[in-house]
Structure formats: C-alpha cells, structure tokens
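J.: no sequence for this one, just the structure:
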C-alpha cells in the first residue's frame with residue numbers, strides 16, 4: 001500500500017495531475033498484493049483502507065479535471081479522465097442553457113458519422129436506428145453521451 005499512499009501524496013501535493021504510467025499502475029497493484037495480510041479479519045480492514053485511498057485518489061484527480069487542469073498523455077487513466085471531462089463539459093453547457101434538455105431528458109444532436117444503433121435501443125427510445133451524417137436527432141442523454149464520447153454525434157452546434 002506504500003506505493004498507493006505515495007501516489008496519493010504526490011497527487012494531493014501538486015496543482016497538476018500526476019502522470020500515472022502503466023509501470024506505476026503495475027507497481028501499485030503489486031505492492032497492494034504483496035502487502036495484503038493473510039488473516040481474513042485483518043485483510044478485510046486492509047482492503048477497506050485500500051479502497052478509501054483509491055477513492056480519495058480518484059476524487060482528487062476528478063476535482064483537478066473540474067478545475068480545468070490538463071490531462072497528461074500516457075497516463076493509465078487518461079481515457080477515463082477524458083470521458084469525465086466530456087461529460088462535465090456537456091453538463092456545464094446544459095446548465096448554461098447552451099444545450100437544451102426536453103422534459104423527457106432528450107437533447108438535440110447532430111450526427112457526424114453514419115451509424116446504426118442497436119434495434120432494441122432505437123425502438124425503446126423511439127429514435128431512428130440508422131443515423132445519417134448531417135441529421136439532427138432528438139435523443140436521450142444516456143444514448144447521446146456515449147455517442148458523443150465516441151465521436152458519432154456533436155451536441156453543441
């Protein structure tokens with residue numbers, strides 16, 4: 001757990017996000033695994049502390065994203081942080097009125113690439129299954145967000 005605590009200390013001590021390489025990630029996992037006690041009661045307490053520190057690390061990193069810190073490249077969690085950043089930007093745009101949400105939580109999206117939605121999802125949410133480039137479609141947030149993150153739709157146009 002020493003590696004995890006060191007990373008948490010570095011993250012909390014700096015203003016920028018700490019780059020977590022894949023090697024750092026493996027070192028943390030190895031350290032946690034090697035330090036895990038054998039006794040089941042002690043192990044339960046140890047695992048609770050690991051979870052507490054990991055949650056604190058994740059929360060600290062997310063708070064830095066909220067404060068518009070740059071996401072370092074080649075960090076183990078850069079994809080997750082980019083997704084969170086995209087969600088935060090959309091959420092902010094909704095609260096600012098730049099993106100309007102209907103009473104059934106749908107937003108207008110502009111299709112950037114042709115895409116075929118799963119038939120069940122399209123039917124359930126009453127949206128076209130075949131999305132054609134250039135179309136503007138009203139779709140539920142929970143469908144629009146993943147498509148936006150994947151680059152199939154644009155939400156501010």
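T.: Yep, it's here. Quick caveat: nothing in here was measured; it's all calculated off a predicted structure.

J.: Every contact and neighbour count from this point should use C-alpha atoms.
T.: Will do.

J.: Domain-wise, how is the chain divided?
T.: By the assignment in automatic domain parsing, the chain contains the domains 2-79, 100-154.

J.: which stretch of helix or strand covers the nearest residue to residue 5 once chain neighbours are set aside?
T.: Leaving aside its chain neighbours, residue 5 sits nearest to residue 53 (7.2 Å; criterion: CA to CA, 6 or more residues apart in numbering). Per DSSP states H and E: residue 53 is located in helix 40-66.

J.: what angle sits between the following helix or strand past that helix and helix 40-66?
T.: Downstream of helix 40-66, the next assigned helix or strand under DSSP H and E is helix 78-96. Angle, helix 78-96 to helix 40-66, by axes from the mean of the first three to the mean of the last three CA atoms, to 10 degrees: 60 degrees.

J.: Mind giving me the packing neighbours of helix 78-96?
T.: Helix 78-96 is packed against helix 40-66, helix 141-149, with contacts defined by 3 or more CA pairs under 8 Å, 6 or more residues apart in numbering; DSSP states H and E.

J.: ok, and what's touching that helix?
T.: 62, 65, 66, 71, 72, 99, 100, 101, 145, 149, 155 (CA atoms under 8 Å, 6 or more residues apart in numbering).
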